[in-house]
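In: sequence and predicted structure are below.
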Amino acid sequence: MSVRVRFAPSPTGYLHIGGARTALFNWLYARHTGGQFVLRVEDTDEARNSQEAIDVIIESLRWLGLDWDEGPVDGSDLTASKGDRGPYFQSQRKEIYQKHIQALLDADKAYEHEGAIKFRMKRETVVIDDLVVGQVDRKLTDREEADPDFVIVRSDGKPVFHLVNVIDDLEMGITHVIRGEDHLSNTSKHIALFKALGAEPPKYAHIPLILNKDGSKMSKRDLGASVTTYIEGGFVPAGVVNYLLLLGWSPKDDQEVFRIEDVIERFDLPQINRQNARFDFDKLKWFNYEHTRSLSSDEFRERALPFLKAAGIDAAGFDAAYIDAAFETCKEKVKQLTELPEFCDFYFREVTEFDEEHAAKHLVPENRPHVEKLREMLAGLEAFDADTIQAGFKQVGEAQGVKLGVLVHPIRLACTGKKVGPSLFHLMEVLGKDKVLQRIDSIMGRLGEG
RNA sequence: GGCCCGUUCGUCUAACGGUUAGGACGCGGCCCUCUCAAGGCUGAAAUACGGGUUCGAUUCCCGUACGGGCUACCA
């Protein structure tokens, strides 16, 4: 039987990092086994739901690259779904729930109580054969000892989570439920419900939770809790996914940086860890850097341009080759794309502002002769590539009797206005001779009389 | 309170019952160097505690402590 897994978020206005990892593991398991990945929206809480909240979930999953085989087509139209086991929004499945509730009632497996409907739960230990945790003998709690039955339909007529979740998994033919460990205890209810509905329960795999750095529960406000943080924060999906992957799953060797295609091949449930993991933003940033630097020029440009635009830098007038060459000098320097505009703005606009503290140190009269010699050297260059420029700097340095650093600072200031940036010789090559000379000329006035 | 799950460097993790307990992030040092990074080398850093079982426990069992989850007419 083909594997069918699902991710069933409820639209709360953001996709929680833990939910993202649950989605990732489900997706990976589906792709690894050649099964189906279903997206189901648990939008039963009408007060809290909104189209916007659903869009956020869908956008976040798309951004992460977790595509689904069945589920909503997009967030702009609630009725549009793909797959033949729908609808995929719980808000549209009321008749289905009603049918099963009636069946339970008719079979006396459920009964009315103070306007609500309660499920007749057996007063006995339920064995859960969990694919990750192992066999769990879920004994009754003291309350269940007193009354094992639980409400499945509230007195206002709305079925509760446990019921709709089970009915949906049943109707959608879900074979493996991979979800957070916070549902482990409730699994006894779900198994009983499946059996009462005349079906075999699916296989369960409960994965550990993601906690804050200090071990507390991650809530919406905590740093990094929402996938939106990464989308807006200049992260790349592959980096976030790689970090999430290793938070709870281990390849059992020393490999850390993964391409998603390789993960699909290697991923499986037995390598999922059992203990909760703490969230470490620094390590996530490192993974992000590793993946950002290895992006193809096309993808880097595509992802970077929106961040330049947001920072008010218009790169539209430059051709792709120039943009790529410029980005190439920055690629291995930035950890997040949000750092890029500050790092590369001089490629796309005139230098009008200077790091004054740095300028006060290096745009000084005693440097004037050096800068003049450098300008002369650069103006005479036939080829304007990094190696030639560097060789020219060395010659001037020797002739003037100063170290390279003395020459580099004023020119970097002229070309970029900044103290830090890409390799000077490479950046000059990209800028081109004309712009470089013009920018050097424009700082001559600041040098005073040599 | 009851029930369930867990516990290896600060963090993520590796280790058929026999290893100098390995790797990664972060942190420190050195090297490289036009800035900032990167890179190379290197240092500090862990088996929660107590009992068993065993020739030998990080590893198996029990207990304690600690952490997390669930215990709703929340999801």
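Out: In hand now; what should we look at? Numbers count the residues shown, from 1 in each chain, chains lettered A, B, ... in the order given.

In: contacts for the helix or strand bottoming out on mean pLDDT in chain A?
Out: Least confident helix or strand of chain A, by mean pLDDT, DSSP states H and E, is strand A:81-82 with a mean of 82. Contact with strand A:81-82 is made by A:D69, A:E70, A:G71, A:P72, A:V73, A:P87, A:Y88, A:F89, as judged by C-beta atoms under 8 Å, 6 or more residues apart in numbering. No exception for glycine: its C-beta is placed from N, CA and C like everyone else's.

In: neighbours around A:S250, how many?
Out: 12 (other C-beta atoms under 10 Å).

In: that one and A:R274: what is the separation?
Out: 11 Å (C-beta to C-beta, to the nearest Å).

In: go on, A:L223?
Out: 26 Å.

In: circling back to that earlier point, what would the contacts of strand A:81-82 look like in CSV with distance to RNA strand B?
Out: Converted to CSV, the contacts of strand A:81-82 look like this (distance: C-beta to the nearest atom of the strand, whole Å):
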residue, distance to RNA strand B
A:D69, 22
A:E70, 19
A:G71, 16
A:P72, 16
A:V73, 22
A:P87, 16
A:Y88, 14
A:F89, 12
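
In: could you list which of these belong to strands?
Out: Counted as lying in strands by DSSP state E, out of the contacts of strand A:81-82, are A:G71, A:P72.

In: tell me the buried residues within the contacts of strand A:81-82.
Out: A:D69, A:E70, A:G71, A:P72, A:P87, A:Y88, A:F89 (16 or more other C-beta atoms under 10 Å).

In: quick check: bridge partners of A:A110?
Out: A:F119 (DSSP bridges).

In: my read: it touches A:R120, true?
Out: Yes: A:A110 is in contact with A:R120 according to C-beta atoms under 8 Å; the separation is 6.4 Å.

In: does A:R138 really touch A:D130, like I thought?
Out: No: between A:R138 and A:D130 there is no contact under C-beta under 8 Å: 10.3 Å.

In: shared neighbours, these two?
Out: Counting by C-beta under 8 Å, 6+ apart, the residues touching both A:R138 and A:D130 are A:T187.

In: which residues of the stretch 301-450 of chain A lie near RNA strand B?
Out: A:332-333, A:386, A:390, A:404-405, A:408-409, A:412, A:419-426 (C-beta under 7 Å from any atom of the strand).

In: keep only those of the residues you listed that are in helices.
Out: Under the assignment DSSP state H, these contribute A:A386, A:Q390, A:L404, A:G405, A:V408, A:H409, A:R412, A:L424, A:F425, A:H426 to helices.

In: now these as TSV including distance to A:A320 and neighbour count?
Out: TSV is the format used below for these (distance: C-beta to C-beta, whole Å; neighbours: other C-beta atoms under 10 Å):
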residue	distance to A:A320	neighbour count
A:A386	20	16
A:Q390	26	17
A:L404	33	14
A:G405	34	9
A:V408	29	17
A:H409	32	18
A:R412	26	23
A:L424	24	21
A:F425	23	19
A:H426	18	19
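
In: ok, which stretches of the stretch 351-450 of chain A are helices?
Out: Using DSSP state H, counting those that start in this stretch, the helices of the stretch 351-450 of chain A run over A:356-362, A:368-379, A:386-400, A:404-416, A:424-431, A:433-447.
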